[in-house]
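> Here is the input, now give the coordinates:
(chains A and B)
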Amino acid sequence: MQSFADGVVMNRDFLRSVFQSMLRARILENKLSSLYKAGKIVGGVYLGRGQEAVSATLGTALIQGTDFFAPLIRDQAGRTAFGEPMIDCTRTYLGSVEGPMRGRDGNIHRGRPEMGMPAMISHLGAQVPVIAGMLFAKRLQGTLAGRVGATCIGDGATSTGAFHEGLNLAAVERLPMVVVVGNNQFAYSTPNHRQFACADLVEKARGYGIGGFSVDGTDLLACASVIGEAVRRAREGGGPQLVVAHLLRLSGHGEHDDGSYVPAEIRGGHYGRDCIEVAMRQLVENNHATVDEILAWQDEFSDEVQRAVAQAQQEAVPDPYHEDWTALATRFPLSESISQSIAQ
Amino acid sequence: MTYIDAIREAQEKLLREDDRVFLYGQDIATFGGAFKATKGLAEQFPNRVFDAPISEDAMIGMAVGAAIEGMRPIVEMQFADFSSVAFNQIVNQAATHFYRTGMPIPITVRLPSGGTPGSGPFHSQSTEGIYAQYPGLVVLTPATVSDAYHMLLDGVALDDPVIYCEHKFLYRWLKAKSINGDHLPIGQARITRPGKHATVVAYSAMVHEAVRAAERLQQDGWEIEVVDLRSVKPLDLDTILASVARTGRLLAVGEAFPWGGVTAEVVARVTEEGFHLLDAPPQRLNARDTPVPYHPKLWAAHRPTPESICEALRKLLSF
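Numbering: from 1, shown residues only, chains lettered A, B, ... in the order given. The predicted structure follows:
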């Protein structure tokens, strides 16, 4: 791990950028939590609290407009880092018809596939082969070189067939893919020892014949080094990379859940520390940012969040009387066979 | 030209004329597929035909990703039965994508469907009704050589996910002099055989069984109309209702399991919208409510046959 420390991703701008996405996401999610508790959000609210360092590092290491990123439930920070406008989040949570999902899907089930960021479905592991397919298309189109696709999942998702099938397929095709597992120790309420039996999930990488990394997900510098290296290796032709980040979810599964099943000794343990506080300390100690700068960012992002919430709250919600109630792009009936013109 | 030749020819034409098309499935490259539907295509089109690992879920997930990036993948499931493993990616990922995001997913999933003697419970299923139940999918069930060809071309040209149910029993048994047909568009049913005493609505291999039954009843003076749905979703209710208006009697025949499904949908819709046209209670005939049995004698009695269709028609005509 030592050798990555001087890599390009460890520079000052990169770390400041990652931290800004972490902070933006935290402030936004704190607001979402308040809105939920005030009854302003219909449906669930799912936070990435405690996972920001991992998610934002990945999002920052990816290149917008070139790379692909399939975020999952706890990736507000990664979405922000990858360039998702904050308004996409507030519009989707508040049901604005102006949002990318137009009230047809909510909360974290949003995306902009045309910008390389597919919209997740709830079924875990399902985005792994989708990212593989996006990369496969680029290979067929002759434009794969220098491109990376990444997705995040949790410890629970590693138990799914979709994860196994997708990662194995990516390995067979040797695609430039990075799968980051945020092992936050609980899949909803189910602890690791009821989820898998290996000592560290990174052991699975060997079985798939892909690169594997294990990292302290509460440590920004470690994340930047390790995730940055995994992305670099994938980009340079090293095939799929599995990164397992060890951390703890600092919230319930959703805001409806108080997470009381997490034992006090785990909460008070090493991974119970807040990655934002760790990152702040690391930035200040290494002279990458001053306390005053961070406080200024906090004010700036708080204003941004207020504006994004206010705007989404003022926008129209979908109108069932004017909704286009069709799930197909094709408008039937068709007047003629499409192949008729081809065949003649 | 056989039904499976038509499927192979259509894929060859698509690969030749559309750079966006590629084929993905188990054993389909050098081996040419379990049924040889892709025979020679890997040699003819290098890097366009790929063997997939035995990962049906990932195969469809991969196709969805490729479609997001502008491709038009055709995925061959080795048997329709195995698409159950890909069910999540088909109904939750591919089928919901356009409604949720506004971006359509033009993938075509080829499902070798239906029973053949000796194939047993896991190589014989008819899954069209399951997929038709989900919004966001087009479900095709060609019954003729010409339709097998043109509906595959038409299906790949659609922007939506297409479930293309090809009947294994028709693969080599069904032959035609050419692939030229009447070029009906997807979503339009065909009157395969005109008649005036009763309407049989069928699709896929059951169209041929229904025609056989109609020929037998003709000897007794009954003129049975056979409607080939061609696509079960969209369902061409106009053609069905027009036929029932002529005959006053409806029998819906399908090879799938009897609980719900295409035949139930046809009967329900005709009852709802054409109750006044009916001179007798509409009837359904499906496979039996057991897994598809292995032994040819059991299998032949599990699915509708010309005999059981005749019996159902006689009952319908007796009202």
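> what's the distance between residue A:305 and residue A:87?
To residue A:87, residue A:305 is 11 Å away according to CB to CB, to the nearest Å. Placement of C-beta: from N, CA and C, glycine included.
> meant to ask about residue B:98
Using CB to CB, one obtains 23 Å as the distance from residue B:98 to residue A:87.
> mind listing the strands for the stretch 151-300 of chain A?
Assigned by DSSP state E, counting those that start in this stretch, the strands in the stretch 151-300 of chain A fall at A:177-183, A:186-187, A:190-191, A:211-216, A:241-246.
> Show me what the fourth one is packed up against.
Using 3 or more CB pairs under 8 Å, 6 or more residues apart in numbering or on different chains; DSSP states H and E as the contact criterion, the elements in contact with strand A:211-216 are helix A:203-208, helix A:220-235, strand A:241-246.
> May I have the strands that pair with that strand, each with its orientation?
Strands flanking strand A:211-216 in the sheet, each with its direction: strand A:241-246 (parallel) (DSSP bridges).
> Does residue B:4 fall in a helix, a strand, or a coil region?
When the structure is reduced to helix, strand and coil (DSSP: H, G, I helix; E, B strand; the rest coil), residue B:4 reads as helix.
> contacting residues around the nearest residue to it once chain neighbours are set aside?
Distances taken as CB to CB, 6 or more residues apart in numbering or on different chains place residue B:171 nearest to residue B:4, at 4.1 Å, with adjacent residues excluded. Neighbour list for residue B:171: B:2-4, B:35, B:112 [criterion: CB atoms under 8 Å, 6 or more residues apart in numbering or on different chains].
> run the last query once more with 7 Å
Residues counted as contacts of residue B:171 (CB atoms under 7 Å, 6 or more residues apart in numbering or on different chains) are B:2-4, B:35.
> Please say which of residue B:98 and residue A:87 ends up with more neighbours.
Comparing residue B:98 with residue A:87 by other CB atoms under 10 Å in any protein chain shown, the one with more neighbours is residue B:98, at 22 against 19.
> Next, the more buried one: phi, psi?
Backbone geometry at residue B:98, expressed as degrees, to the nearest 10, gives phi -70, psi -40.
> Wait, it touches residue A:329, no?
Yes: at 5.1 Å, residue B:98 and residue A:329 qualify as touching, with contact defined as CB atoms under 7 Å.
> between these two, what contacts are shared?
B:104, B:160.
> what about the stretch 1-150 of chain A, any weak spots by pLDDT?
A:1-10 (pLDDT under 70).
> if we can go back for a sec, between the contacts of residue B:171, which has the most around it?
Of all those, residue B:3 has the most neighbours under the rule other CB under 10 Å, reaching 27 neighbours.
> and the gap between the residue in chain A that chain B sits nearest to and residue A:126?
Each residue of chain A has a distance to chain B, by CB to the nearest CB, and the smallest belongs to residue A:133, at 2.4 Å. Residue A:133 is 12 Å from residue A:126, where distance means CB to CB.
> Neighbour count: those two, which is higher?
With other CB under 10 Å as the criterion, residue A:133 and residue A:126 differ in neighbour count, and residue A:133 comes out ahead with 34 against 30.
> tell me how far the helix or strand that contains residue B:262 is from the chain's mean position?
Using DSSP states H and E, residue B:262 falls within helix B:261-274. Its chain's C-alpha centre lies 18 Å from the corresponding centre of helix B:261-274 when counted by CA atoms, centre = their mean, to the nearest Å.
> How about the residues of the stretch 51-200 of chain A by chain B?
The interface of the stretch 51-200 of chain A toward chain B, taken as CB under 7 Å from any CB of the partner chain, is made up of A:100-101, A:104-105, A:111, A:113-114, A:118-119, A:121, A:123, A:126, A:129-134, A:136-138, A:140, A:161-162, A:165-166, A:168-169, A:172.
> Recalculate using a threshold of 8 Å.
Residues of the stretch 51-200 of chain A lying near chain B by CB under 8 Å from any CB of the partner chain: A:100-102, A:104-105, A:109, A:111-114, A:118-119, A:121-123, A:126-138, A:140-141, A:161-162, A:165-166, A:168-169, A:172.
> and the helix holding residue B:262, anywhere near chain A?
No: applying CB under 8 Å from any CB, one finds that helix B:261-274 is not in contact with chain A, the shortest distance being 15.2 Å.
> Kind regards, and thank you for your time.
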